[in-house]
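[1] using only what follows, build the 3D model:
(2 chains)
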Amino acid sequence: MESDFKIYNTLSREVEPIQTLKKGHLTFYSCGPTVYSYAHIGNFRSFVTADLILRTARKMGWQVTYATNITDVGHLTEDDFSDPSGEDRMAKALRSKEGEQFSNVWDLARFYSGKLIEDWHILNLVEPTIRPRATEHIREQIAAVQSLIDKGHAYETSQGVYFSVTSFPSYGQLSGNTLENELEQTVRDVVVDSEKKDPRDFALWKKDDKHLMQWYSPWGWGFPGWHIECSAMAMAYLGDQIDLHAGGEDLIFPHHECEIAQSESLTGKPFAKYWVHTRFLQVEGEKMSKSLGNFFTVRDLVAPPGEGGKGIDPLAVRMTLLSGHYRKPFNFTIKTLKGNVKHRERLAEIVTAVGYPSDDSRTYDGDLGSALKSIFDRALEAMKDDLNTPTALAALFGGTKMIQAKLATLSQTEITATRSWLADMNDLLGVVHVNNNVLASNVKPDEDLNNAVEALLIERQQARMDKNWGKADEIREALTALGVEVMDTAQGAKWKKIGGL
RNA sequence: GGUGACGUGGCCGAGUGGCUAGGCAAGGGUCUGCAAAACCCUCUACGACGGUUCGAAUCCGUCCGUCACCUCCA
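    Residues are numbered from 1 along each chain as shown, chains lettered A, B, ... in the order given. Got it, this is the predicted structure:
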């Protein structure tokens, strides 16, 4: 049924109201990363988009079935069989310096997929309904390849099995790289397997009995092509047809284009109705890359300074990712991050003052309550309008200001309304409070620091009572050196850790 | 060369025919032993040029610029 949840569909190049196949039930699939290293904030920008679709749909009262995969098979450059080393990214990672700690690619994949899930929770991403792994679905992939051969959409060569692009006339609909495009063909002639019927045909299975990860198939030992894994897993868990499919913009072509071709050739039915793509993020105005030194993983930002991180509040990182619209180029900067650390401090202060509700009851009594309720409604409307996170955040900030102005004098009714609002906003945006308790060490309180700070504050309090301002300022400087900022309030001295920025 | 997206104030970023989004930074103020935090005030922009219109940042056209993809990529 048609809803007022609108999303930009890459397939139609229009913002469309989402019409789910089953009333009130959204099924969607989001492409996950290859786990050959730590996921970076760019990866997470895409995952956050999927997370927001899920949160918005749930807040509208929809049921959601959400699958996102872990690619734990290394894939070669699709058609490049000329590489004598036969290396893929996972094999390369194993040979790198970081890879020395792993005995084989399987261990490496296990390690990094564990880290992916940790970071997932640190950034307060909702756990998917199912998180399938490519290596656990080889059987389904082989069956899909066999079926494509049987239906005349694929063929075998001495090197592998290929999907025949010309057997799927609407190939290119998603990316615009259509079959009629002659010029394109000359570009892609660079890498050619002489046995391929068409240079555009892509691999479904690669024959390779030397590969570090290999399985037995009707075509001998080898491993599956990259695109078939997502088709096979999406269909295994969500059915032949799904509502929505998401991923990074780089996946439009070839990955998603090929998924459509395979899936629809298998079932004869439209695969996904809505295709949602997240723009790449840049860091400090440049493409994120290790050589430029602007490459950030989640732990680079949130781990404590002693463990190689910057000690930043993970939800400030999440808020930063939300500050730009998913479909626009986004420039991730330390400056923006700093601003969001501040926003988070304000929110955290409110949460500390009123408490975070543990149940689902939401009441918005009183003037403040109705004001907050309408702010939440505005945020939800913004999210339903193609995930307009900047507008939703603007609403969040407006409410935060409103509460903060009267934080010291809130009535019980107002406290209840505030708690309801925080919980509702958090359900929608996930930047108020971390719901899961799989938190990493970076949020554990530092007992030694706490004791040292408390001792100094008592000393300073005495100095202030003696009007010994010189000594009081000295102690404040000592605290600053410890990375602590002091604030004198009517209720006594408060302190907070200064972020490592 | 092909395909697609984007261009808003000092900065980040919504809006999409008339009605100042919001934030950050900056400046001023209240508060404070001094600060910090908080609060109040100030800061009116839409790449260029044409066109449509009573009226355009918004619609149309042309141009310029930036970014991404074109078989590793979120």
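[2] going by C-alpha atoms from here, please, whenever you check contacts or count neighbours.
    Noted.
[3] where does the prediction get shaky in the stretch 301-450 of chain A?
    For the stretch 301-450 of chain A, residues meeting the criterion pLDDT under 70 lie at A:436-445.
[4] can you list the residues of it near RNA strand B?
    If contact is defined as Cα under 7 Å from any atom of the strand, the residues of the stretch 301-450 of chain A in contact with RNA strand B are A:323-331, A:335-336, A:339-340, A:342-343, A:346, A:388, A:390-391, A:393-395, A:397-398, A:401, A:404-405.
[5] rerun that using 6 Å as the cut-off
    By Cα under 6 Å from any atom of the strand, the part of the stretch 301-450 of chain A that sits against RNA strand B consists of A:323-325, A:328, A:330-331, A:336, A:339, A:346, A:388, A:390-391, A:394, A:397, A:401, A:404-405.
[6] any of those residues buried? List them.
    Taking 16 or more other Cα atoms under 10 Å as the criterion, what is buried in those is A:323-325, A:330-331, A:336, A:346, A:388, A:390-391, A:397, A:404.
[7] in the stretch 401-501 of chain A, which spans are helices?
    Across the stretch 401-501 of chain A, reading from the start of the chain, the helices by DSSP state H, counting those that start in this stretch fall at A:412-429, A:447-465, A:469-481.
[8] winner for burial among those helices?
    For the helices of the stretch 401-501 of chain A, the stretch with the most neighbours on average is helix A:412-429, a mean of 23; neighbours defined as mean count of other Cα atoms under 10 Å.
[9] for that helix, packing partners?
    Using 3 or more Cα pairs under 8 Å, 6 or more residues apart in numbering; DSSP states H and E as the contact criterion, the elements in contact with helix A:412-429 are helix A:41-59, helix A:334-354, helix A:366-384.
[10] let's see 7 Å
    helix A:41-59, helix A:366-384 (3 or more Cα pairs under 7 Å, 6 or more residues apart in numbering; DSSP states H and E).
[11] quick check: angle from it to helix A:334-354?
    140 degrees (axes from the mean of the first three to the mean of the last three Cα atoms, to 10 degrees).
[12] residues touching helix A:412-429, excluding its own?
    Helix A:412-429 is touched from outside by A:52, A:55-56, A:59, A:354-357, A:362-366, A:368-369, A:372-373, A:376, A:432-433, with contacts defined as Cα atoms under 7 Å, 6 or more residues apart in numbering.
[13] please apply the same query to stretch A:205-219.
    Outside of stretch A:205-219, the residues that reach it under the criterion Cα under 7 Å, 6+ apart are A:86, A:142, A:159-161, A:220-225.
[14] the helix or strand hosting residue A:115 packs against which elements?
    Taking DSSP states H and E as the definition, residue A:115 sits inside helix A:105-122. Using 3+ Cα pairs under 7 Å, 6+ apart as the contact criterion, the secondary-structure elements in contact with helix A:105-122 are helix A:89-95.
[15] CA-only coordinates of the helix it packs on in PDB, if you can.
    The C-alpha coordinates for helix A:89-95 follow below in PDB (Å, rounded to 0.1, in the frame of the first residue of the first chain):
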ATOM      1  CA  ARG A  89      42.100  -8.500  -1.400                       C
ATOM      2  CA  MET A  90      41.700 -11.000   1.400                       C
ATOM      3  CA  ALA A  91      44.900 -12.800   0.400                       C
ATOM      4  CA  LYS A  92      46.700  -9.500   0.100                       C
ATOM      5  CA  ALA A  93      45.500  -8.500   3.600                       C
ATOM      6  CA  LEU A  94      46.800 -11.800   4.900                       C
ATOM      7  CA  ARG A  95      50.300 -11.100   3.600                       C
END
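[16] could you list the buried residues of that helix?
    For helix A:89-95, burial by neighbour count (16+ other Cα under 10 Å) applies to A:89-91, A:93-94.
[17] and that helix, average pLDDT?
    Helix A:89-95 shows a mean pLDDT of 83.
[18] give the other helices and strands that that helix contacts.
    The helices and strands touching helix A:89-95, judged by 3+ Cα pairs under 7 Å, 6+ apart, are helix A:105-122.
[19] distance check, residue A:157 against residue A:194.
    Taking Cα to Cα, to the nearest Å as the criterion, residue A:157 is separated from residue A:194 by 10 Å.
[20] the more surrounded of the two?
    Neighbour totals were compared for residue A:157 and residue A:194, and residue A:157 leads with 15 against 9 (other Cα atoms under 10 Å).
[21] and that one, what's its pLDDT?
    Reading off the per-residue confidence, residue A:157 sits at a pLDDT of 92.
[22] then the one 10 residues further on?
    You'll see residue A:167 listed with a pLDDT of 92.
[23] can you classify residue A:27 by secondary structure?
    Per DSSP: H, G, I helix; E, B strand; the rest coil, the local secondary structure of residue A:27 is strand.
[24] who touches it in this structure?
    Applying Cα under 7 Å, 6+ apart to residue A:27 gives the contacts A:64-66, A:238, A:242-244.
[25] beta-bridge partners for the residue of the stretch 101-250 of chain A found nearest RNA strand B, please?
    Going by Cα to the nearest atom of the strand, RNA strand B is nearest to residue A:248 of the stretch 101-250 of chain A, at 2.4 Å. According to DSSP bridges, residue A:278 are recorded as the beta-bridge partners of residue A:248.
[26] quick one: which of the helices and strands packed on helix A:412-429 is nearest residue A:486?
    When the helices and strands packed on helix A:412-429 are ranked by proximity to residue A:486, the top entry is helix A:366-384, at 30.6 Å, counting by Cα to Cα.
[27] quick one: contacts of that closest one?
    With contacts defined as Cα under 7 Å, 6+ apart, helix A:366-384 is touched by A:4-6, A:56, A:364, A:388-389, A:391-392, A:395, A:399, A:413-414, A:417, A:421, A:425.
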